[in-house]
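[1] all I have is the shape, not the residue letters:
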DNA sequence: CAGAATCCACATCGATACTG
DNA sequence: CAGTATCGATGTGGATTCTG
């Protein structure tokens, strides 16, 4: 799911913004720091990750805890509401396991027929 | 779900493009004509609906059947793969019933606090 | 380390007008 | 009726740069 080469870009379903689902999964097993979220999501810029986290915070999905230390440390943690998104993530995974191959096959078949240069 | 005034715009989950989920629900109970899909989705332009249907067709979600009649008649119907999206639609509905009010409350609470004019 | 500010590329969505 | 063609508005995602 974290691999941009995986066919998840073909997924007909999306949770929140582009990185929301991955962030939620990252937080599944407990609080994580900003950098700890960034590491597995290697292609997300800090700006976008901040936006995603702020949106989740606004919607009561995560809590943000800043510690007054040097260097700074901030932890993000899923709320119960945020954990409820894991159910949706799971529903997506289940669907993908069962149906994504068929979608991919249909798509490439369509590309071969009515695709690039017509047919 | 078809009412633009409903809070579905706040839904943290989306199936396909903007109108995909609604189109799929429209086709739930059998084949429908282009116009029959447009009617309940009153704010969709023919261009966008065509794009949505073509995408669904490419992905093996719907079949398109054109009849050589005057006036023209075209019917769209869900494939088994397309019907599988209904499971996702249902998962979304279940989630919304249980958690959307909490999301909305958290969001408006955030708007009152750190909202428009900061604070 | 965690994040803010700025600018920009791109895709989606939509209004309008026209066609077989 | 069922589209197609063109143009414009908009929002999201990203690169880059800078700060406490």
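    Perfect, thanks for sending it. Remember, predicted model here, so these are calculated numbers, not experimental data.

[2] which residues touch the particular helix or strand that has residue A:55 in it?
    Using DSSP states H and E, residue A:55 maps to helix A:46-58. For helix A:46-58, contacts defined as CB atoms under 8 Å, 6 or more residues apart in numbering or on different chains pick out A:16-20, A:23-24, A:34, A:37-38, A:41, A:44, A:62-64, A:76, A:82, B:106-107, B:110. In this view, the C-beta of every residue, glycine as well, is placed from N, C-alpha and C.

[3] and stretch A:21-36, by the same measure?
    Residues contacting stretch A:21-36 (CB under 8 Å, 6+ apart): A:1-2, A:14-15, A:37, A:40-41, A:46, A:49, A:52-53, A:56, A:61-62, A:65, A:73-78, A:82, A:85-86, A:89, A:92.

[4] show me which residues of it are buried.
    Of all the residues in stretch A:21-36, those buried under the rule 16 or more other CB atoms under 10 Å in any protein chain shown are A:21, A:22, A:23, A:24, A:25, A:26, A:27, A:32, A:34.

[5] and it, what's its mean pLDDT?
    The average of the pLDDT scores along stretch A:21-36 is 97.

[6] does DNA strand C have contacts with that stretch?
    Yes. With CB under 7 Å from any atom of the strand as the measure, stretch A:21-36 is seen reaching DNA strand C through A:33, A:34, A:35, A:36.

[7] next step: those restricted to strands.
    The strands in this structure, assigned by DSSP state E, contain residue A:33 from the residues of stretch A:21-36 next to DNA strand C.
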